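**Student:** here you go, sequence then predicted model.
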Amino acid sequence: MLFWPALKVTRFGQLKPGDLFVWMRSPGHFVGLKIDGPAPSDKPRALLLSGPEVPLSVPFVCGLHDEKVLLLPENCILQLSTDGADWHADVPDTREACILLAGDKAYIRANCSGIRDWFEPCWVALADGALQPGRPEELGAITTKWRIVLPSESREARVIVAFGEGAEA
């Protein structure tokens, strides 16, 4: 029997950088992205995007043990605003999640401090989960209105996570 979406239960340690997953924890859950980069601990790292019970205004980098996760399909899409008013040259307040489009690469700004109430910015490439401490050097534009969706030919696209007013999760 076929099922949609094509999900897979696995361990966090089995994911590759750039994989999108749901971390099932009690209480609640988080949507996250496996990342690759300088680590202050020996634990593999994840970028937690959001969770309904613990909404994050800014994605947060943390270490995860080899937790059980739900791997989302690889065909998820970052959907950006096409309204020029939603794009800016400057980085917004630290309380807002943002995407930097630099050339043909998309980066998400995250809190790498390891402490939720103290903000230390870093940037994560969404394509491969590569983490870098400073803002990418390339010419770029920034938006706070974006979402990640799972497309379907026969069904309406399913929104995995959304940021920015009107982005609709």
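**Tutor:** That came through fine.
**Student:** contacts and neighbour counts: CA atoms only from here.
**Tutor:** Will do.
**Student:** sheet partners, orientation included, of the lowest-mean-pLDDT helix or strand in the chain?
**Tutor:** In the chain, no helix or strand scores lower on mean pLDDT, DSSP states H and E than strand 45-50, which sits at a mean of 78. Under the criterion DSSP bridges, strand 45-50 sits next to strand 29-35 (antiparallel), strand 60-63 (antiparallel) in its sheet.
**Student:** need the ones you listed in JSON lines with distance to residue 125, mean neighbour count and mean pLDDT, can you?
**Tutor:** JSON lines is the format used below for those (distance: least, Cα to Cα, whole Å; neighbours: other Cα atoms under 10 Å; pLDDT from 0 to 100):
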{"stretch": "strand 29-35", "distance to residue 125": "9", "mean neighbour count": "23", "mean pLDDT": "88"}
{"stretch": "strand 60-63", "distance to residue 125": "13", "mean neighbour count": "22", "mean pLDDT": "83"}
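**Student:** with residue 11 as the reference, name the closest of the ones you listed.
**Tutor:** Evaluated with Cα to Cα, these place strand 29-35 nearest to residue 11, the distance being 11.5 Å.
**Student:** give the contact list for residue 154.
**Tutor:** By Cα atoms under 8 Å, 6 or more residues apart in numbering, the contact list for residue 154 is empty.
**Student:** from residue 5, how far out is it?
**Tutor:** The spacing between residue 154 and residue 5, counted by Cα to Cα, to the nearest Å, is 12 Å.
**Student:** also residue 83?
**Tutor:** For residue 83, the distance to residue 5 - Cα to Cα - is 30 Å.
**Student:** flag the shaky bits of this protein, pLDDT-wise.
**Tutor:** 1, 26-27, 38-44, 51-56, 165-169 (pLDDT under 70).
**Student:** pop the domain breakdown of it in here.
**Tutor:** 8-71, 77-163 (automatic domain parsing).
**Student:** what's the first-to-last distance across the first one?
**Tutor:** When you say that, I think you mean domain 8-71. End to end - Cα to Cα - domain 8-71 spans 5 Å.
**Student:** use 42 as the first number from now on
**Tutor:** From this message on, residue numbering opens at 42, which makes the last subject domain 49-112.
**Student:** and the residue nearest the centre of the protein?
**Tutor:** With distances taken as Cα atoms, centre = their mean, residue 90 lies nearest the centre of the chain, 4.7 Å away.
**Student:** residue 185 is in contact with residue 131, correct?
**Tutor:** No. Using Cα atoms under 8 Å, residue 131 makes no contact with residue 185, being 11.1 Å away.
**Student:** contacting residues around residue 205?
**Tutor:** Contacts of residue 205 (Cα under 8 Å, 6+ apart): 138, 185-187.
**Student:** for the residue lying closest to residue 72 once chain neighbours are set aside, pull up the helix or strand it's in.
**Tutor:** Spatial nearest neighbour of residue 72, excluding adjacent residues (Cα to Cα, 6 or more residues apart in numbering): residue 63 at 4.5 Å. Element membership for residue 63 (DSSP states H and E) is strand 61-65.
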